[in-house]
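Engineer: With the input below, show me the fold.
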Amino acid sequence: MRNIPKDCRPLIMTIGLTTTKKRRRRRRQQQQQLCTLVFSCLYGVAPVYLPTTCQPVSTNIGHRSRRSTVRGDLVVPVTRTPRYGPYSFAVVGSSTWNSLPASMHDHTLTLTSFRRQLKTFLFSRALHYITNFNVA
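Structural biologist: Prediction:
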């Protein structure tokens, strides 16, 4: 908001345009909520209809000997509709879960310890991005 003239700032705030910093923060919050929901689905805390969308790779017969089975990754379903399919919970939740490190897929974690590790991971990834962006 520093580069925007002072007389235009109220207009931008009412329209809903946000700065890059706010967008990054919102995206990090969305990722945190999404990963928490996937964790809840995998460990039986989520509503009944959601766990059916989160299937571990180990449940597929053809994928049992892969590295993703050991890591605890989820199956990312193939979508047929390019408009809504890639934004469904089954696709976004699974791919976001698969992007987490293997140490966070541990079934012995409680929800609070998972959230703490997730927040640390997302902040460290954001910090890594910012430091590499400023150097280049």
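Engineer: which one's the longest helix in the chain?
Structural biologist: helix 111-135 (DSSP state H).
Engineer: and it, what does it pack onto?
Structural biologist: Packed against helix 111-135 by the contact rule (3 or more CB pairs under 8 Å, 6 or more residues apart in numbering; DSSP states H and E) you find helix 20-42. Placement of C-beta: from N, CA and C, glycine included.
Engineer: Please name every helix or strand in contact with the helix it packs on.
Structural biologist: Using 3+ CB pairs under 8 Å, 6+ apart, helix 20-42 sits against helix 89-98, helix 111-135.
Engineer: If we ignore the residues flanking it in sequence, what's nearest Ser103?
Structural biologist: Gln117 (7.6 Å; CB to CB, 6 or more residues apart in numbering).
Engineer: nearest residue to Arg115 other than its sequence neighbours?
Structural biologist: Arg115's closest residue in space is Thr36 (CB to CB, 6+ apart), at 6.1 Å.
Engineer: that older thread, between the helices and strands packed on helix 20-42, which one is nearest to Arg25?
Structural biologist: helix 111-135 (8.9 Å; CB to CB).
Engineer: Need the mean per-residue confidence for that closest one.
Structural biologist: The pLDDT scores in helix 111-135 average 80.
Engineer: Could you list the low-pLDDT ranges of the protein?
Structural biologist: 1-20, 59-71, 129-130, 132-136 (pLDDT under 70).
Engineer: hmm, try it at 50
Structural biologist: When residues are selected by pLDDT under 50, those of the chain lie in 136.
Engineer: Is it correct that Thr79 falls within a helix?
Structural biologist: No - under DSSP: H, G, I helix; E, B strand; the rest coil, Thr79 falls outside any helix and is assigned coil.
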